[in-house]
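A.B. asks: after the sequence you'll find the predicted model.
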Amino acid sequence: MNRLDGKVALISGAARGIGAATARLMVEAGAKVAIGDVLEERGGETARAIAGAGNAAIYLRLDVTREDDWTAAIAATVARFGGLDILVNNAGLFLGKDIEAASLEEWQRLCAVNLTGVFLGTKLALPALREAAQHSPYGSAIVNLASVAGLVGSTQDPLYSMTKGGVTLFTKSAALEFARKGYRIRVNSMHPGTIDTDMGDQVLVTRARNLGTNDVAAARAQVIERLPIGRIGTVTDIAKGIVFLASDDAGFMTGASLVVDGGITAQ
């Protein structure tokens, strides 16, 4: 189940967190993986840690807001591994500011990473994904990292919620467009809840500030108390879902939203 033998993936924002965990699981599942990130030292370390004897992972500098970075990263991936079957648009920012507190510059940076980055990755990887799809029984796959904040309103960061809602509907629309054109590229979105990552820590800091206590431990306890499953998620919880969506086992899924949130949106 969920094997990726012979497939090639490019993951943005994969130097750490969910992206790094996804890269590791994809290599374990048989894929070759390009780790795209602006964190050069951390990205190189991650690639070396998971590459193994088969040199199954490489690091590529990738600022998702720059078209030339995407073009270079995709070309390097194809040159190194012979194609591109999977794109994971994982890179993202969390602002953690109220509408009144956020500046226009901060909003534009949030949009540049969370929205423009997904658009550019999808647009520029399209030729390579379309070519690879012709040689696979279930085509190629794009997985976009959204959030539960892209499905329901966020009390902590309405602007983040706005961008992730955009990713959610872009995913559905792109899936329909590619199906209409016969590209055989499946597009699905992943929606994590609160996860133990650097971004998850930012969310807890924001929650503590909004509670007026700045007590992050208390904010964490409050989050766990609200989660039906009784714990905060791990990067592996999310990475497993991404690997599934990228695999042929999800061959009949496109335009879908996979929610991995410990049950928070079921309430």
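C.D. replies: Sure thing, it's come through.
A.B. asks: list the contacts for the most centrally placed residue in the chain?
C.D. replies: Residue closest to the mean C-alpha point of the chain, counted by C-alpha atoms, centre = their mean, is residue 90 at 2.3 Å. Residue 90 makes contacts with 11, 12, 13, 14, 18, 19, 22, 145, 242, as judged by C-beta atoms under 8 Å, 6 or more residues apart in numbering. The C-beta positions use only the backbone N, C-alpha and C, and glycine is treated the same way.
A.B. asks: all strands of the chain, in order?
C.D. replies: Along the chain, the stretches classed as strands by DSSP state E are 8-12, 32-37, 57-61, 86-89, 140-145, 185-192, 257-260.
A.B. asks: give the contact list for residue 25.
C.D. replies: By C-beta under 8 Å, 6+ apart, the contact list for residue 25 reads 236, 239, 240, 242, 243.
A.B. asks: next up, the contacts around residue 155.
C.D. replies: If you count contacts by C-beta under 8 Å, 6+ apart, then residue 155 has residue 210 around it.
A.B. asks: numbering from 47 from now on, please.
C.D. replies: With the count now opening at 47, the last piece we talked about shows up as residue 201.
A.B. asks: distance of it relative to residue 254?
C.D. replies: Here the distance between residue 201 and residue 254 works out to 13 Å (C-beta to C-beta, to the nearest Å).
A.B. asks: buried ones from the contacts of residue 71, can you make that a PyMOL selection?
C.D. replies: Those of the contacts of residue 71 that meet the burial criterion (16 or more other C-beta atoms under 10 Å) are gathered into one PyMOL selection, given here:
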select buried, resi 285+288+289
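A.B. asks: save the contacts of residue 71 as TSV, and put in pLDDT and distance to residue 207 too.
C.D. replies: Formatted as TSV, the entries for the contacts of residue 71 read as follows, by pLDDT from 0 to 100; distance: C-beta to C-beta, whole Å:
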residue	pLDDT	distance to residue 207
282	97	25
285	98	23
286	98	25
288	98	21
289	98	26
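A.B. asks: can you report how many residues neighbour residue 199?
C.D. replies: Using other C-beta atoms under 10 Å, residue 199 has 9 neighbouring residues.
A.B. asks: residues near the residue nearest to residue 261 when sequence neighbours are not counted, how many?
C.D. replies: Take residue 261 and drop its neighbours on the chain: the residue closest to it by C-beta to C-beta, 6 or more residues apart in numbering is residue 254, 5.5 Å away. By other C-beta under 10 Å, the residues close to residue 254 number 18.
A.B. asks: helix or strand with the lowest mean pLDDT in this structure?
C.D. replies: Ranking every helix and strand in the chain by mean pLDDT, DSSP states H and E puts helix 244-256 at the bottom, with a mean of 74.
A.B. asks: what's the angle between it and strand 231-238?
C.D. replies: Angle, helix 244-256 to strand 231-238, by axes from the mean of the first three to the mean of the last three C-alpha atoms, to 10 degrees: 40 degrees.
A.B. asks: buried ones in helix 244-256, by neighbour count?
C.D. replies: Of the residues in helix 244-256, those buried under the neighbour-count criterion (16+ other C-beta under 10 Å) are 245, 246, 248, 249, 250, 252, 253, 254, 255.
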